[in-house]
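1. could you work out the structure for the sequence below:
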Amino acid sequence: MVANPHPGGLHPDLQTLYDNIDFKNRVCFLTGQRSADSLLNAAKELKAIRHIIDELKS
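-> Presented below is the predicted three-dimensional model:
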């Protein structure tokens with residue numbers, strides 16, 4: 001899941017998710033100063049690379 005930055009810190013939906021899970025030590029939220037666009041572009045590149053590798057394997 002990719003969430004856009006939220007001015008109040010952790011996005012309220014993610015806070016609700018965290019509050020409702022049983023094993024809180026099994027989830028991690030990464031935050032930073034990168035814009036959401038660059039994060040989405042990096043995710044797209046990773047998906048494309050994985051697709052190319054899968055194509056080469058088959």
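
2. low-confidence ranges in the chain?
-> Residue ranges of the chain with pLDDT under 70: 1-2, 31-35.

3. just the helices in it please.
-> 12-20, 36-57 (DSSP state H).

4. of these, which approaches P5 most closely?
-> Across these, P5 has its closest neighbour in helix 36-57 (6.1 Å, CB to CB). For glycine as for every other residue, the C-beta is placed from the backbone atoms N, C-alpha and C.

5. got the buried residues for the closest one?
-> Neighbour-count burial for helix 36-57 flags L39 (criterion: 16 or more other CB atoms under 10 Å).

6. chain center to it, what's the gap?
-> Here helix 36-57 shows a centroid-to-chain-centroid distance of 13 Å under the convention CA atoms, centre = their mean, to the nearest Å.

7. packing partners of it?
-> If you count contacts as 3 or more CB pairs under 8 Å, 6 or more residues apart in numbering; DSSP states H and E, helix 36-57 packs onto no helix or strand.

8. ok, back up a step: out of the helices of the chain, which comes closest to N4?
-> Nearest of the helices of the chain to N4, taken as CB to CB: helix 36-57 at 4.7 Å.

9. and F29, what does it touch?
-> Counting by CB atoms under 8 Å, 6 or more residues apart in numbering, F29 touches L10, L14, Y18.

10. between these, which sits nearest V27?
-> Of all those, V27 sits closest to Y18, with 6.5 Å by CB to CB.

11. ok, how many other residues are close to the closest one?
-> Counted with other CB atoms under 10 Å, residues neighbouring Y18 total 12.
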